[in-house]
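Q: For reference, the sequence and a predicted model appear below.
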Amino acid sequence: MIFYIGRRILGLLIVLIGVTILSFIFSSISPVDPAQAYVMKNIPNPTQEQIEAVREELGLNLPIYEQYYNWLINCLKGDFGKSLTTRNYVIEDIFKKLPATLSIVGMAMLWIVLITFPVALICAVKKDSALDHAVRIVSIIGVSIPSFWLGFLLLLAFAVFIPIFVVVDFGSLRSLILPSLTIAVPVICSLTRMLRSTILSNLNKDYVVYAKARGLSNSTIMSKYVLRNSLPPVITALCQSFGYMIAGSAIVENVFSWPGLGNHLIHAIFGRDLPTINGAVLILAVIFVICNLLADLVNNLINPRISI
């Protein structure tokens, strides 16, 4: 078990390093000069000498591998640098914005758990019924709809035509409903189909026939054996979905004017704020790999053979 965890942590560290390298390279090779963008926000009609002075001050005149090395060493010390737009420490801005993102993703996870498991179980038990076909159609539509378009539709329906909610709202439990549903719907649709298929696959296994021969009830077989063996792939997908929702919440936050980390990252990208971009991507990557590790550990507890 310890060897398995160590191996997984090592693999996830390699993924983190790869993500930071790619993020640093892509943000550095942009045609927009971050030094020029920074100077033009603060000085009207800047001279080339002023731009070069700022470039040297920010360390942007160094080779890219030296920039990355210096940034990585500072990150290991907990110093992500200062934002070029807010003038605050990047880590302070991130931790101010992260709770807002976690709130809508946490609510989305609640929707996913409350809807996915009962609907998938009913569809598996009532295979090829009218309800099963209806859920299949809804799932295909839900997976296909872009999240930003779904967000606009929900705002149009429930904030304009039926004014139950406010278009721009933040700070209450009610304000979480529409953005969290926007994030949750595609995940609910995909996980429902996955769990249904996994349950149906396990219902055809030999151990189910043996359990019925022993006289066990269908509810006992389903809860004690079938569901337990069906959970590992769903748990992995659920934990990965949490990471995906954290990382992919930017568009939804922008639609709902939600002051979260994703919206903060979008503004940083438009403002060519390299320290904020690299710091936010690193935090999102850490959350994602931690979710993957937790998924592996939970699956290992459910089925110890996974670690072999």
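A: That came through, no problem.
Q: Okay, and the residue nearest to Ala268 when sequence neighbours are not counted sits in which element?
A: Spatially, and ignoring its direct neighbours in sequence, Ala268 is nearest to Thr276 (3.8 Å; C-beta to C-beta, 6 or more residues apart in numbering). Where you see a C-beta, it was placed from the backbone N, CA and C, and this is true even at glycine. Per DSSP states H and E: Thr276 is located in helix 274-302.
Q: low-scoring stretches of the stretch 201-308 of the chain, by residue?
A: For the stretch 201-308 of the chain, applying pLDDT under 70 flags the ranges 299, 302-308.
Q: Which other helices and strands does the helix or strand where Ile269 lies contact?
A: Using DSSP H and E, Ile269 maps to helix 261-270. With contacts taken as 3 or more C-beta pairs under 8 Å, 6 or more residues apart in numbering; DSSP states H and E, helix 261-270 sits against helix 90-125, helix 249-255, helix 274-302.
Q: Not counting the shortest one itself, show me its contacts.
A: Put plainly, it is helix 249-255. Applying C-beta atoms under 8 Å, 6 or more residues apart in numbering, the contact partners of helix 249-255 are 100-101, 104-105, 147-148, 151-152, 155, 179, 182-183, 258-263, 265-266.
Q: Likewise for stretch 59-74?
A: Applying C-beta under 8 Å, 6+ apart, the set of residues contacting stretch 59-74 is 20-21, 24-25, 28, 34-35, 52, 55, 80-81, 274, 278.
Q: Show me how far that stretch is from its chain's centre.
A: In terms of C-alpha atoms, centre = their mean, to the nearest Å, the centre of stretch 59-74 is found 28 Å from the chain centre.
Q: Kindly report the same for stretch 233-253.
A: 3 Å.
Q: try stretch 147-158
A: The answer for stretch 147-158 is 20 Å, by C-alpha atoms, centre = their mean.
Q: buried sites along that stretch?
A: Neighbour counts over stretch 147-158 (16 or more other C-beta atoms under 10 Å) mark Ser147, Leu150, Gly151, Leu154, Leu155, Phe158 as buried.
Q: Make JSON lines out of those residues and add pLDDT and secondary structure.
A: Listed next are the buried residues of stretch 147-158 as JSON lines, based on pLDDT from 0 to 100; DSSP: H, G, I helix; E, B strand; the rest coil:
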{"residue": "Ser147", "pLDDT": "85", "secondary structure": "helix"}
{"residue": "Leu150", "pLDDT": "90", "secondary structure": "helix"}
{"residue": "Gly151", "pLDDT": "88", "secondary structure": "helix"}
{"residue": "Leu154", "pLDDT": "89", "secondary structure": "helix"}
{"residue": "Leu155", "pLDDT": "88", "secondary structure": "helix"}
{"residue": "Phe158", "pLDDT": "89", "secondary structure": "helix"}
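Q: Adding distance to Ala134, write the residues you listed out as TSV.
A: What follows is the buried residues of stretch 147-158, written out as TSV (distance: C-beta to C-beta, whole Å):
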residue	distance to Ala134
Ser147	23
Leu150	19
Gly151	24
Leu154	21
Leu155	26
Phe158	22
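Q: Relative to Ile246, which of these is nearest.
A: Comparing the buried residues of stretch 147-158 against Ile246 with C-beta to C-beta places Ser147 closest, at 13.5 Å.
Q: Surely Leu200 touches Ala124?
A: Yes. Look at Leu200 against Ala124 with C-beta atoms under 8 Å: they come within range, at 5.3 Å.
Q: Show the contacting residues for Ala37.
A: Leu84, Gly271, Arg272.
Q: Check which helix or strand it maps to.
A: Using DSSP H and E, the element containing Ala37 is helix 34-42.
Q: Following element in sequence after that helix, please.
A: Per DSSP H and E, the helix or strand that comes after helix 34-42 is helix 48-58.
Q: so that next one versus helix 274-302, what angle?
A: Comparing the axes of helix 48-58 and helix 274-302 via axes from the mean of the first three to the mean of the last three C-alpha atoms, to 10 degrees yields an angle of 30 degrees.
Q: Can you name every helix or strand that helix 48-58 contacts?
A: So helix 48-58, by 3+ C-beta pairs under 8 Å, 6+ apart, packs with helix 34-42.
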